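Visitor: below are the sequence and a predicted model for it; my questions follow.
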Amino acid sequence: LQLRNGAFIGWEYKTFSQEHMLNYEQICKILSEDQEVIDIITKDLLNVYEDSYTLDSAQILANGVSVTYTPHLAVHSALPPIIIQFHPHASQDIMINAIDQCFQVYLRSNQLPVVLFISSDKTSKSFFDPFVQLQSKSYLYHLPNTVWSRKCLLISERSFGQGAPKDENLNELVALSMCLLQDEQIIATLGRSQNAAIQHLYNKYKTIFDPDCNNQL
């Protein structure tokens, strides 16, 4: 990370030893375990208060990360579990895995979960075609008539233009997905946002990308 008088001016790429490099799956796992990130996701999906959900499990897969959130307090027990699937490239194999996970969650909680796929890069045509754009939230797509989930939603690279008409109006869930592209210009854009949640995403991500930045701020 390059700073001038405390301001972001760009990324300085370094060569790290393999043991210090983080791949896509590790970055997704770190972000998904952060409580403010959990709040961004759950507020957008279910319009709940902060700290309504907590991390139940986070599993690194061969091609992504699967995360389950559950209601934080007994008073929220009526709320459904939430499954988040982070994948750079969403495909039919990922859908099969998610359906199986939904049944496993249902057996434990006796509730069908809400599922959200976050695909930060290209989504295969066979995966994307059954999804329909939500009228109320143009950056989200939903899969109609699923019997294995309460809702099945998708945010993909096609969502970025829909969710961010202007920098100051950038949706927080879209910003999270944009972080995962690991594009320096996109990350710099997030750093200029006045939205506190998006600023947190920016600060969290830059710390993951370059742990040394904590010593420079």
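Guide: Structure's in. What do you need?

Visitor: tell me where the protein has strands.
Guide: For the chain, applying DSSP state E gives strands covering 2-4, 7-10, 53-61, 64-71, 82-87, 114-119, 132-133, 141-142, 151-155.

Visitor: contact partners of the longest one?
Guide: When you say that, I think you mean strand 53-61. 25-26, 29, 32-33, 35, 38-39, 42, 65-72, 76, 79, 81-82, 97 (CB atoms under 8 Å, 6 or more residues apart in numbering). Any C-beta I mention is one placed from the backbone N, CA and C, and that applies to glycine too.

Visitor: the same query, at a cut-off of 7 Å, please.
Guide: With contacts defined as CB atoms under 7 Å, 6 or more residues apart in numbering, strand 53-61 is touched by 25, 29, 32-33, 38, 42, 65-72, 82.

Visitor: between these, which is nearest I198?
Guide: Nearest to I198 out of these is I38 (CB to CB; 15.3 Å).

Visitor: wait, that closest one sits on Y69?
Guide: Yes - between I38 and Y69 there is a contact under CB atoms under 7 Å: 5.9 Å.

Visitor: for ChimeraX, what selects the buried ones among the contacts of strand 53-61?
Guide: Those of the contacts of strand 53-61 that count as buried under 16 or more other CB atoms under 10 Å are selected in ChimeraX with:
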select :25,29,32,38,42,65,66,67,68,69,70,71,72,82
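
Visitor: just name the closest of the contacts of strand 53-61 to M178, please.
Guide: S32 (15.3 Å).

Visitor: wait, the closest one touches V67, no?
Guide: Yes - if you go by CB under 7 Å, S32 and V67 touch, sitting 4.4 Å apart.

Visitor: common neighbours of those two, please.
Guide: Counting by CB under 7 Å, 6+ apart, the residues touching both S32 and V67 are A58, I84.

Visitor: could you dump the strands of the chain to CSV with distance to E172 and mean pLDDT?
Guide: Output for the strands of the chain, formatted as CSV (distance: least, CB to CB, whole Å; pLDDT from 0 to 100):
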stretch, distance to E172, mean pLDDT
strand 2-4, 25, 46
strand 7-10, 19, 43
strand 53-61, 15, 91
strand 64-71, 16, 92
strand 82-87, 14, 93
strand 114-119, 13, 93
strand 132-133, 19, 93
strand 141-142, 18, 95
strand 151-155, 11, 94
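
Visitor: let's have the ones you listed in JSON lines, adding distance to N169.
Guide: Shown next, in JSON lines, are the strands of the chain (distance: least, CB to CB, whole Å):
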{"stretch": "strand 2-4", "distance to N169": "27"}
{"stretch": "strand 7-10", "distance to N169": "21"}
{"stretch": "strand 53-61", "distance to N169": "25"}
{"stretch": "strand 64-71", "distance to N169": "26"}
{"stretch": "strand 82-87", "distance to N169": "24"}
{"stretch": "strand 114-119", "distance to N169": "20"}
{"stretch": "strand 132-133", "distance to N169": "18"}
{"stretch": "strand 141-142", "distance to N169": "20"}
{"stretch": "strand 151-155", "distance to N169": "16"}
